[in-house]
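# can't give you the sequence, but here's the structure:
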């Protein structure tokens, strides 16, 4: 399945602009309007004599940012730029494709700086960064804090985390803190301290040694089709909660390839009283990592790790989880509640090979879909604790009576909701499996197939198991 989220007084500003206009010439608004919406940067340009045009570009990306108005595009010609960027307004920064610019030849060398690119605050919502290399940082390559709808695509991020502050919890190459509806797409993340991370914000900002920004969850973000490898001290992809009242919620990790990292993909609640809920890990490849390929983990008292899905992944040749004493061999997928249970988990349609344990469960009751996974060269396909229960997922075919239909995947024991919904074609063949949060919307808009009986749009019931 492929998938394909400080107030300023206007009147005060206007009055100040009017006074300046009267006293010294053009108004601030006129000056802002005079800045082109597309600015060009070249290593051969000038910040003093250039005007940001294609024929007279600026010399540094930072200077272009300082004069860019909201909504501007900054086009960067091929070359190496020794600087670090702070983005506090909505912009698009892109390599100059007309000159053959891309991430292999358009390089941001941020040596000596904590971050290569810091995207900070709601005024930077909708920022797009594409087609650059970001390298040689002390901590993160790209750090996003409280900016929503950000797109990071076609980047190469390498040699970051060179001198990390031990008080920084997440010094990933790409780290997003307290963001919603971001898309991190088709990036290459290699030879860093860590890979890609999503976390909430609050009293703990996992990307900074002290609180920074405002409290917010990490919600409805998508990490899609990235290649992540060779990260020495941090896991490949981490979706982690650090702040009670916020959490990591409804994020999607899909189509990524993760290798040669401590762990492949991790979804976790790391601090007492935090929440990791409704996250989906779908169609990824996790191989040759130094911990299990995919980890779902509740770590401390009061954590809620629930309604997460691990579906359609290819997992092989990983290692054991050293923090779990009973996990004494290479492990593909592990779901563990160190104190609180990991609940309402869907683990289905994964292909696991060359592991001692295919799926290892500890304090993870009621996992759905266990019988719908495929194992090859695995000594123990499923190692459930005494509180884990195996459930079948969905049949390969149902009678949809000629309709495009949906079928509820099943019930949780002693619960009143579904964890997943399956889509069938008009011929009754299974097409896709969707995470739980889409179930009611689909059933009320297009109808459903409950226990093989078609129900028209608007119908939403929970079938018998």
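It's in. Every value quoted in this text rests on a predicted model; they were computed, and no experiment measured them.
# how about residue 321, secondary structure?
In three-state terms, and counting by DSSP: H, G, I helix; E, B strand; the rest coil, residue 321 is coil.
# going forward, begin numbering at 206 instead of 1
In the new numbering, first residue 206, that becomes residue 526.
# could you pull out the buried residues of stretch 429-436?
Buried residues in stretch 429-436, counted by 16 or more other CB atoms under 10 Å: 429, 430, 431, 432, 433, 434, 436. All C-beta atoms are positioned from the backbone trio N, CA, C, and that covers glycine.
# check which residues of the biggest strand by length in the chain are buried.
Assignment by DSSP state E gives strand 556-567 as the longest strand of the chain. Neighbour counts over strand 556-567 (16+ other CB under 10 Å) mark 556, 557, 558, 560, 561, 562, 563, 564, 565, 566, 567 as buried.
# the fifth one touches residue 535, doesn't it?
Yes. The pair formed by residue 561 and residue 535 meets the contact definition of CB atoms under 8 Å, at 4.8 Å.
# now the common contact residues for those two.
residue 525 (CB atoms under 8 Å, 6 or more residues apart in numbering).
# which residue is the nearest non-sequential neighbour of residue 548?
Once flanking residues are discounted, residue 548 sits nearest to residue 511: 4.6 Å by CB to CB, 6 or more residues apart in numbering.
# low-confidence ranges, the protein, go.
Scanning the chain for pLDDT under 70 picks out the ranges 206-240, 590-606, 608-628, 635, 637-670.
# so how far is residue 339 from residue 555?
The gap separating residue 555 from residue 339 is 32 Å, by CB to CB, to the nearest Å.
# revised request: answer the last question for residue 539.
From residue 539 to residue 339 the distance is 32 Å (CB to CB).
# please apply the same query to residue 442.
Distance from residue 442 to residue 339, counting by CB to CB: 18 Å.
# show me where the stretch 256-405 of the chain has helices.
266-272 (DSSP state H, counting those that start in this stretch).
# gap between the residue lying closest to residue 562 once chain neighbours are set aside and residue 575?
Distances taken as CB to CB, 6+ apart put residue 536 closest to residue 562, at 4.4 Å, once the chain neighbours are dropped. Distance of residue 536 to residue 575, computed by CB to CB: 15 Å.
# mind checking which of the two has more residues around it?
Between residue 536 and residue 575, counted using other CB atoms under 10 Å, residue 536 has the larger neighbour count: 28 against 23.
# let me know how buried residue 264 is, in neighbour terms.
Residue 264 is flanked by 20 other residues according to other CB under 10 Å.
# can you check residue 261 too?
What residue 261 shows, counting by other CB under 10 Å, is a neighbour count of 13.
# where does the most centrally placed residue in the chain sit, in terms of helix or strand?
Closest residue to the average C-alpha location of the chain: residue 428 at 3.8 Å, with CA atoms, centre = their mean. Using DSSP states H and E, residue 428 falls within strand 427-429.
# and the contacts of the helix or strand following that strand?
Next helix or strand after strand 427-429 toward the C-terminus (DSSP H and E): strand 432-434. Contacts of strand 432-434 with the rest of the structure, by CB under 8 Å, 6+ apart, involve 392-396, 400-401, 441-442, 461-466.
# pairing partners for strand 432-434, with directions?
strand 393-395 (parallel), strand 462-464 (parallel) (DSSP bridges).
# elements contacting the helix or strand just after the last one?
In this case it means strand 462-464. With elements assigned by DSSP H and E, the helix or strand that comes after strand 462-464 is strand 470-474. Judged by 3 or more CB pairs under 8 Å, 6 or more residues apart in numbering; DSSP states H and E, strand 470-474 is in contact with strand 442-446, strand 480-482, strand 499-503, strand 509-511.
# JSON lines for the ones you listed, including mean neighbour count and distance to residue 257?
Listed next are the helices and strands packed on strand 470-474 as JSON lines, based on neighbours: other CB atoms under 10 Å; distance: least, CB to CB, whole Å:
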{"stretch": "strand 442-446", "mean neighbour count": "28", "distance to residue 257": "37"}
{"stretch": "strand 480-482", "mean neighbour count": "25", "distance to residue 257": "44"}
{"stretch": "strand 499-503", "mean neighbour count": "28", "distance to residue 257": "46"}
{"stretch": "strand 509-511", "mean neighbour count": "22", "distance to residue 257": "49"}
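# OK, contacts around the nearest residue to residue 479 once chain neighbours are set aside?
Excluding its sequence neighbours, the residue lying closest to residue 479 (CB to CB, 6+ apart) is residue 446, at 3.8 Å. Contact analysis of residue 446 by CB under 8 Å, 6+ apart lists 404-405, 423, 452-453, 473-476, 479-481, 508.
# if we can go back for a sec, and the angle from the longest strand of the chain to strand 499-503?
If you take axes from the mean of the first three to the mean of the last three CA atoms, to 10 degrees, strand 556-567 sits at 10 degrees to strand 499-503.
# beyond strand 556-567, next helix or strand please.
The helix or strand immediately downstream of strand 556-567 is strand 579-588, counting by DSSP H and E.
# helices or strands next to that following strand in the packing?
The helices and strands touching strand 579-588, judged by 3+ CB pairs under 8 Å, 6+ apart, are strand 556-567.
# do that again at 10 Å, thanks
strand 519-521, strand 536-542, strand 556-567 (3 or more CB pairs under 10 Å, 6 or more residues apart in numbering; DSSP states H and E).
# each with direction, which strands does that strand pair with?
Strand 579-588 is paired, per DSSP bridges, with strand 556-567 (parallel).
# how far away from the center of its chain is the strand it pairs with?
24 Å (CA atoms, centre = their mean, to the nearest Å).
# show me the protein divided up by domain.
243-588, 610-660 (automatic domain parsing).
# for these, which one ends up most surrounded?
domain 243-588 (a mean of 22; mean count of other CB atoms under 10 Å).
# give me every residue that touches residue 378.
Applying CB atoms under 10 Å, 6 or more residues apart in numbering, we find residue 378 in contact with 321, 339-340, 342, 344-348, 360-366, 392-402, 433, 436, 439.
# before we move on, what about residue 454?
385, 405, 422-426, 444, 446, 480-484, 512, 642.
# give me the distance between it and residue 482.
5 Å.
# mutual contacts of the two, please.
Residues within reach of residue 454 and of residue 482 at once, by CB under 10 Å, 6+ apart, are 422, 424, 446, 512, 642.
# so residue 552 bridges to which residues?
Note on residue 552: beta-bridge partners residue 515, judged by DSSP bridges.
# hmm, back to that, give the pairing partners of the strand holding residue 428; include direction for each.
Sheet pairing of strand 427-429 (DSSP bridges) gives strand 388-390 (parallel), strand 457-459 (parallel).
# redo these as CSV? Include distance to residue 283.
Putting these into CSV (distance: least, CB to CB, whole Å) gives the following:
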stretch, distance to residue 283
strand 388-390, 22
strand 457-459, 31
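# so for residue 375, which of those strands sits nearest?
Across the strands paired with strand 427-429, the minimum distance to residue 375, taken as CB to CB, is reached by strand 388-390, at 14.1 Å.
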